[in-house]
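Novice: Dropping a prediction and its sequence here:
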Amino acid sequence: QVQLVESGGGLVQAGGSLRLSCAASGRTFSNVRMGWFRQAPGKEREFVASISRYGGSTHYADSVKGRFTISRDNVKNTVWLQLTDLKPEDTAVYYCAAHSTGANWPTRRLTDFGSWGQGTQVTVSS
């Protein structure tokens, strides 16, 4: 199992930026593909972005493509999600997740990720 702790959320005006961090421990981080998901009030948790073990491959939801960037540093055991040009509809709790060994990849399914952080709130005001 890998333990994940997110940080970096907050309140920002539309058009602004935030950088979310996810610190990992418990497994060799370079062996773990990572993802970011989000859940808005009253909605299901949805895929945002994912990144391969060494960062060579990334995937994004259409709604965030061109505005969000996922990256990682396997020495720091950290994955980031850079959020730019934020919109009110980006308001949600953002979760990082560790992909389960042997599960489908690339994937947008929550069930292919076995470890989750506690989430960090992002609120975008109009």
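Specialist: Here it is on my side, so go on.
Novice: Strands of this protein, start to end?
Specialist: 3-7, 10-13, 18-25, 34-39, 46-51, 58-60, 68-73, 78-83, 92-99, 113-116, 120-125 (DSSP state E).
Novice: Can you tell me what sits against the second one?
Specialist: Among residues not part of strand 10-13, those counted as contacts by C-beta atoms under 8 Å, 6 or more residues apart in numbering are 18, 86, 121-125. C-betas here are computed from N, CA, C, even on glycine.
Novice: ok so, going back, any chance of CSV for the strands of the chain, columns distance to Trp105?
Specialist: As requested, the strands of the chain are exported to CSV (distance: least, C-beta to C-beta, whole Å):
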stretch, distance to Trp105
strand 3-7, 18
strand 10-13, 31
strand 18-25, 18
strand 34-39, 10
strand 46-51, 8
strand 58-60, 10
strand 68-73, 15
strand 78-83, 15
strand 92-99, 6
strand 113-116, 10
strand 120-125, 25
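Novice: Now those strands in CSV, please, with extra columns for mean neighbour count and mean pLDDT.
Specialist: Converted to CSV, these look like this (neighbours: other C-beta atoms under 10 Å; pLDDT from 0 to 100):
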stretch, mean neighbour count, mean pLDDT
strand 3-7, 16, 97
strand 10-13, 13, 98
strand 18-25, 19, 97
strand 34-39, 24, 98
strand 46-51, 22, 98
strand 58-60, 17, 98
strand 68-73, 18, 98
strand 78-83, 22, 98
strand 92-99, 24, 98
strand 113-116, 18, 96
strand 120-125, 17, 98
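Novice: so Val124 makes contact with Tyr94?
Specialist: No. The criterion here is C-beta atoms under 8 Å, and Val124 misses it with Tyr94 at 11.7 Å.
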